[in-house]
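Colleague: Turn this into a model:
(one chain, ligands or ions: 1)
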Amino acid sequence: MIEKRQFYIDGAWTEALDGRDHEVIDPATEEPCAIIALGGQADTDAAVAAAKRALPGWMATPAAERIALVEKLLAVYKSRAEELAQAMSLEMGAPIALARANQVGAGLFHLQNFVNAAKEFDFEAPFSEAHADTHMIHEAIGVCALITPWNWPMNQITLKVGAAAIAGCTMVLKPSEESPLSALLFAEFMDEAGFPKGVFNLVNGDGAGVGTQLSGHPDVDMVSFTGSTRAGRAISRTAAETLKRVHLELGGKGANLIFADADDTAVKRGVMHMMQNSGQSCNAPSRMMVEAPIYDRVVEEAAAVAQTVKVGAPSEDGKHIGPVVNATQYEKIQGLIETGVKEGARLVAGGPGRPEGFNKGFYVRPTVFADVTPDMTIANEEIFGPVLSIMKFETEAEAVEVANDTPYGLTNYVQSQDVDRRHRLARQLRSGMVEMNGKSRAPGAPFGGMKQSGNGREGGLLGIHDFLEIKAVSGWAAE
Ligand SMILES: NC(=O)c1ccc[n+]([C@@H]2O[C@H](COP(=O)([O-])OP(=O)(O)OC[C@H]3O[C@@H](n4cnc5c(N)ncnc54)[C@H](O)[C@@H]3O)[C@@H](O)[C@H]2O)c1
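Modeller: Residues are numbered from 1 along each chain as shown. A predicted model of the protein is given here:
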């Protein structure tokens, strides 16, 4: 059994001051695989105090030096990638191939994009050529609390830590108590890279404890949070007392609009994207909306594709999907599958219960519902499991209306060969991102949502901006 009860505070590994033991459960076996400590107020205070002490020095460190340290971090991260992949596979059940390529890979990608963007960015510049006497200084917001989820652990941690560090912020990371092992390794990387003490601190804890303590802490200037809309609301309320900046990346209920002129791989791509990471992605295309003339064919194809999705142990190599993260998620997903059936959706692949051959582990059958209507629970709630809902539409206007009829607004998808239609839809869909025909965003392009999917942007230059204040200084030029 792994035992990792220490926190990383002020450049050193320290015993919890106010901790209690917490078992990390391996979702593949339902057995404990590690023990960590969940901290309390004294630990939160110690970490915030260290970050506050380190702030003036780190803010005053030239941007080029901060960038160089992030490059060093990148090198350490690369050299220890396998440890990270193994940790994520164990703690949250990502199949090892996915953990290596995508979960670890996401962190590499984000850190590199931050470095590239920051090298091209002037943290100080004249307001304009005509008004050079006014000078703009982009400076760190200050002490940041970074609260992250378990589903893409390194994706979220690098998006926050990389941007905050380059911006000159100091920080306290509270990773998800479901996925603390990868985060503890990441803290070792920060140490090995040689960041000055106090710039980066890590305290493990749960939402009710350390999460809430950080959100309300008078010495925390900003909370950057990724997780559920429920927790985002709680954090916003707690943070309101001190009027700190609250940066939110929340849930989603992405629509994937498939028109009759979609390319041949659109349906398969949509199903596979939904199933990836066992459906545990905030940007999952969970509502497949299909134009009426091709509806029956698409349902058949989607069901056939889902039936080819294999389920297997995280430790096994291969392209299967693993279990979902924990018992709560498993029960929630099972409940929603049952609700789908009760409310009259037509099950065309998968269904309730574990896949054949599994009698333990939080494994879910890759499931597809057809004939889902906008009033059904499964068309509205974020399921966060390998469950796809297929809906039919008659007109483009109806598709837009239904796609936008959700409190969420993270990513929507369009599959069509008609460029005019794509451009129209890109403007009409209310989401922070619209992905067309399976084309991925450029490196460093912003990730983030509208409406109840949040208010932040992560990645690249705009991701760094979210950790910066802008100061306008007049009277800058020499007399
Ligand atoms: N928009 C995005 O970029 C993005 C990315 C990944 C995941 N997500 C969302 O994350 C959710 C899944 O993650 P989760 O189950 O870990 O979410 P969660 O909200 O339960 O937990 C996320 C983090 O917040 C902490 N937390 C929980 N309640 C808190 C509170 N009241 N105050 C402070 N901290 C609190 C948790 O300990 C954890 O570290 C999904 O809804 C998913 O859509 C969003």
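
Colleague: what residues does the stretch 201-350 of the chain put near the ligand?
Modeller: With Cβ under 6 Å from any ligand atom as the criterion, the stretch 201-350 of the chain meets the ligand at residues 206-207, 211-212, 215, 226-228, 231, 234-235, 249-252, 282. Quick note: C-beta positions are derived from backbone N, CA and C, even for glycine.

Colleague: Can you turn the buried part of the residues you listed into a ChimeraX selection?
Modeller: The following ChimeraX line selects those of these that are buried, judged by 16 or more other Cβ atoms under 10 Å:
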select :206,207,211,212,215,226,227,228,231,234,235,249,250,251,252,282
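
Colleague: Among the residues of the stretch 201-350 of the chain next to the ligand, which one lies nearest to Ala302?
Modeller: Gly252 (19.6 Å; Cβ to Cβ).

Colleague: what sits up against stretch 315-332?
Modeller: With Cβ atoms under 8 Å, 6 or more residues apart in numbering as the test, stretch 315-332 has contacts from 25, 27-28, 30, 89, 92-98, 150-151, 178-179, 275-280, 309-314, 333, 361-364, 366, 383-386.

Colleague: redo that, cut-off 6 Å
Modeller: For stretch 315-332, the surrounding residues in contact (Cβ atoms under 6 Å, 6 or more residues apart in numbering) are 27-28, 92-95, 97, 150, 178, 275, 278, 310-312, 314, 361-364, 385.

Colleague: now those: which count as buried?
Modeller: The buried subset of these (16+ other Cβ under 10 Å) comprises 27-28, 92-95, 97, 150, 178, 275, 278, 311-312, 314, 361-364, 385.

Colleague: Inside helices: which ones of the residues you listed?
Modeller: Residues of the buried ones among the contacts of stretch 315-332 located in helices (DSSP state H): 92, 97, 275.

Colleague: in a strand, that's where Val161 is, yeah?
Modeller: No. Counting by DSSP: H, G, I helix; E, B strand; the rest coil, Val161 is not found in a strand; it is helix.

Colleague: ok so, going back, and of the residues of the stretch 201-350 of the chain next to the ligand, the nearest to Ala442?
Modeller: Glu249 (19.0 Å).

Colleague: Please list all residues in contact with that closest one.
Modeller: Going by Cβ under 6 Å, 6+ apart, Glu249 touches 226, 454, 456.

Colleague: I'd assumed Leu248 was in contact with the second one.
Modeller: Yes. Counting by Cβ atoms under 6 Å, a contact exists between Gly454 and Leu248, whose distance comes to 3.8 Å.

Colleague: higher neighbour count, these two?
Modeller: A count of neighbours by other Cβ atoms under 10 Å puts Gly454 above the other of Gly454 and Leu248, at 27 against 22.

Colleague: per-domain residue ranges of this structure.
Modeller: If you go by automatic domain parsing, the domain ranges for the chain are 2-251+453-473, 255-430.

Colleague: residue in the stretch 51-200 of the chain nearest to the ligand?
Modeller: Closest contact between the stretch 51-200 of the chain and the ligand, by Cβ to the nearest ligand atom, is at Pro149 (3.2 Å).

Colleague: so that residue touches Gly227, yeah?
Modeller: Yes. Look at Pro149 against Gly227 with Cβ under 6 Å: they come within range, at 4.4 Å.

Colleague: what about Asn151, distance to Phe123?
Modeller: Asn151 is 33 Å from Phe123, where distance means Cβ to Cβ, to the nearest Å.

Colleague: ok, these two, which is more surrounded?
Modeller: Asn151 (26 against 19).

Colleague: Against Gln103, how distant is the more buried one?
Modeller: 10 Å.

Colleague: which residues sit in contact with Gly444?
Modeller: Listed by Cβ under 6 Å, 6+ apart, the contact set of Gly444 reads 113, 117, 459-460.

Colleague: Excluding chain neighbours, what is closest to it?
Modeller: Nearest residue to Gly444 in three dimensions, chain neighbours excluded: Gly460, at 2.6 Å (Cβ to Cβ, 6 or more residues apart in numbering).

Colleague: wait, isn't the one you found in contact with Asn113?
Modeller: Yes. Taking contacts as Cβ under 6 Å, Gly460 lies within contact range of Asn113: 5.0 Å.

Colleague: The closest residue to Phe259 other than its chain neighbours: how many residues sit nearby?
Modeller: Distances taken as Cβ to Cβ, 6+ apart place Ser416 nearest to Phe259, at 4.1 Å, with adjacent residues excluded. Neighbour count of Ser416, defined by other Cβ under 10 Å: 21.

Colleague: what's the answer for the one 4 residues further on, then?
Modeller: Taking other Cβ under 10 Å as the criterion, the count of residues near Asp420 is 8.

Colleague: what about it, distance to Ala426?
Modeller: From Asp420 to Ala426 the distance is 11 Å (Cβ to Cβ).

Colleague: do the same with Phe109
Modeller: Counting by Cβ to Cβ - Phe109 and Ala426 are separated by 24 Å.

Colleague: So which of the two has more stuff around it?
Modeller: Neighbours per residue, other Cβ under 10 Å: of Phe109 and Ala426, the larger number sits with Phe109, 17 against 14.

Colleague: List the contacts of that one.
Modeller: By Cβ under 6 Å, 6+ apart, no residues touch Phe109.
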